[in-house]
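Colleague: Provided below are the primary sequence and the corresponding predicted coordinates.
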Amino acid sequence: MTTTIQEQENQLVAIMEGRLDTAAAQQAQKDLEPLKACNGRDIVLDCAGLDYIASSGLRIFLNLLQVAKSQGSQVIIQGANDYLRQVFNMTGFSHLFVIK
Amino acid sequence: MMKPVKILSVDDEADLELLLTQYFRRKIRKGEYEFSFAHNGLEALEMLLKNKDYDIILSDINMPEMDGLTLLTKINEMQNPALKCIMVSAYGDMGNIRQAMNNGAFDFATKPIDLDDLSVTIEKAIAQIDYIKRMEAEHQQLEGIKDDLAVASQIQQSILPRIFPPFPDVADKLDIAACMYAAKDVGGDFYDFFRIDNDHIGFVMADVSGKGIPAAIFMAVSRTIIRTTAIQGMAPSECLTRSNSLISKESYQSMFVTVFYGIYDICTGEITYVNAGHNPPCILKKNGTVEELPQSTNLMVGILDGFEYPEATCKLEPGDTLFTFTDGVTEAMSVDFQMYSDERLHQNLAGMAADSCQQIVDAIKADIATHTEGAEQSDDITMLVLKRL
């Protein structure tokens, strides 16, 4: 899978593509590391190109959320496909993240 | 202090002994090299068998009693890769030298011996021996870790209830079977069941994020917290709200666990449950229809202290079966990356309404094995099946 980070005016956008399974999780965590310096800017996780997420992937999102919240930033999950939406609903992610 | 490198020189001419001790006297004095001497192959072999800690053999080829090539063959039979032979022969004796090299000699020197050159050869051998010994030590360490993992795997399996039927006094009312197959030596899935009182059985199906040792440790903590909380007899909602609060405090690096916790009423077949982010179990009705329980919208356990987990209920009529599992079942991957899928699971279950819980577990496991044949198991596979008789 690939992760690309774009710095926009008021927000940081991470475009994630492929399968975020256990094998890909470690690399994804490294790739998302720069987002932790969000300094109050919102973080958008663009999941339109993400086909699958394993529990280790969910953990990375949660970890990011913790850091972002402590800096007063929101984490927005955007463009998730039906499968991901189902996972986000089932795991209660919709209580924690802004899902668009 | 470093142990000296032990060198055994084998030569029928005594003048070599003098030459070596003279040339290497500084190294000998400093305790870097230690020389021993034998005068033919047989004597050398006896010394080698007595003292197993020689590092380098420096052997002539032409000797009485036992020649150098025979000695080399005998040394090969000892199968010690950290023992190196340097062969010495007359200048131009290429036939014997080639044979020695082909028989596994480390290197060779020709007579008259150029001691500066021999010194380089010995140092080269020492570097190789060090490397091999380091590899052997690392290999041993790895073997140790592997042994530990095997023990950890047994410990993990032994904290899952494995005696069936678990509640013999109600075996005519309730059938239970369960299994957990870890993808690695140890896993992050678990199931559990326990008697709360005469009429109530608590049961848990859970999946910890991640795999391997970190997941296994978190699994052990979660399982213990949930069990000790549940066994006090509180309702599932209160039990998971409390367990979540405790586990959230233990959670390291956002680890979490999805949990389905239910209390089964042996007399009425009613199940009160909380689903905390776990994939929904199915009910296999007596007539062969398969119904999925509603999707959870609750948070997984271990993330947010203070989350309140609402309860729901369902009911088993006599002959109905509750099938709980982890996503290792439905997401088991075939070699061409096809998931086992909810559809295939439901289809299979539909034909098993008359089967016992153990038969169902075995048949689903076998069908997953057929589906994933040739592929590496990607996730823990766990099932817990409960049938009202």
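Modeller: Sure, I can see it. Numbers count the residues shown, from 1 in each chain, chains lettered A, B, ... in the order given.
Colleague: for chain B, what are the nearby residues on chain A?
Modeller: Within reach of chain B by Cβ under 8 Å from any Cβ of the partner chain, chain A has these residues: A:21-22, A:54-56, A:58-59, A:62-63, A:66, A:86, A:89-92, A:94-96. Quick note: C-beta positions are derived from backbone N, CA and C, even for glycine.
Colleague: which of the residues you listed are buried?
Modeller: Neighbour-count burial within these applies to A:21-22, A:54-56, A:58-59, A:62-63, A:89-92, A:96; the criterion is 16 or more other Cβ atoms under 10 Å in any protein chain shown.
Colleague: For those residues, give me CSV that also has distance to B:L45.
Modeller: Below are those laid out as CSV (distance: Cβ to Cβ, whole Å):
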residue, distance to B:L45
A:D21, 58
A:T22, 54
A:A54, 60
A:S55, 61
A:S56, 57
A:L58, 65
A:R59, 61
A:L62, 66
A:N63, 63
A:N89, 76
A:M90, 72
A:T91, 69
A:G92, 73
A:L96, 74
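Colleague: Please enumerate the helices of chain A.
Modeller: A:22-32, A:55-70, A:82-90, A:93-96 (DSSP state H).
Colleague: So which residues make contact with the shortest one?
Modeller: This points to helix A:93-96. Residues from elsewhere that reach helix A:93-96 (Cβ atoms under 8 Å, 6 or more residues apart in numbering or on different chains): A:58, A:61-62, A:65, A:77, A:87-88, A:99, B:297, B:299, B:303-304, B:307.
Colleague: and of the residues you listed, the nearest to B:T372?
Modeller: For these, the closest approach to B:T372 (Cβ to Cβ) belongs to A:V87, at 21.4 Å.
Colleague: got the contact list for that closest one?
Modeller: A:I53, A:L58, A:F93.
Colleague: Can you report how many residues neighbour residue 68?
Modeller: You didn't pick a chain, so chain A it is. Neighbourhood size, A:A68 [other Cβ atoms under 10 Å in any protein chain shown]: 22.
Colleague: Switch to chain B, please.
Modeller: B:G68 has 25 neighbouring residues, counting by other Cβ under 10 Å.
Colleague: Please tell me how far the nearest residue to it once chain neighbours are set aside sits from chain A.
Modeller: Of all residues not flanking B:G68 in the chain, B:I61 sits nearest, at 3.8 Å (Cβ to Cβ, 6 or more residues apart in numbering or on different chains). With distances taken as Cβ to the nearest Cβ, to the nearest Å, B:I61 is found 55 Å from chain A.
Colleague: I figured B:I61 hits B:C85, correct?
Modeller: No: here B:I61 does not reach B:C85: they are 10.9 Å apart, not a contact under Cβ atoms under 8 Å.
Colleague: my read: B:T324 touches B:F260, true?
Modeller: Yes: at 5.7 Å, B:T324 counts as touching B:F260 under the criterion of Cβ under 8 Å.
Colleague: Quick check: neighbours shared by these two?
Modeller: Jointly contacting B:T324 and B:F260 under the rule Cβ under 8 Å, 6+ apart are B:M205, B:P281.
Colleague: closest point of the stretch 101-250 of chain B to chain A, which residue?
Modeller: When scored by Cβ to the nearest Cβ, the stretch 101-250 of chain B has B:S209 as its residue closest to chain A, at 3.9 Å.
Colleague: Near that residue, how many other residues are there?
Modeller: Look at B:S209: counted by other Cβ under 10 Å, it has 29 neighbours.
Colleague: Dump the contacts of A:V87 to JSON lines, plus distance to B:C357 and pLDDT.
Modeller: Below are the contacts of A:V87 laid out as JSON lines (distance: Cβ to Cβ, whole Å; pLDDT from 0 to 100):
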{"residue": "A:I53", "distance to B:C357": "32", "pLDDT": "91"}
{"residue": "A:L58", "distance to B:C357": "31", "pLDDT": "90"}
{"residue": "A:F93", "distance to B:C357": "33", "pLDDT": "91"}
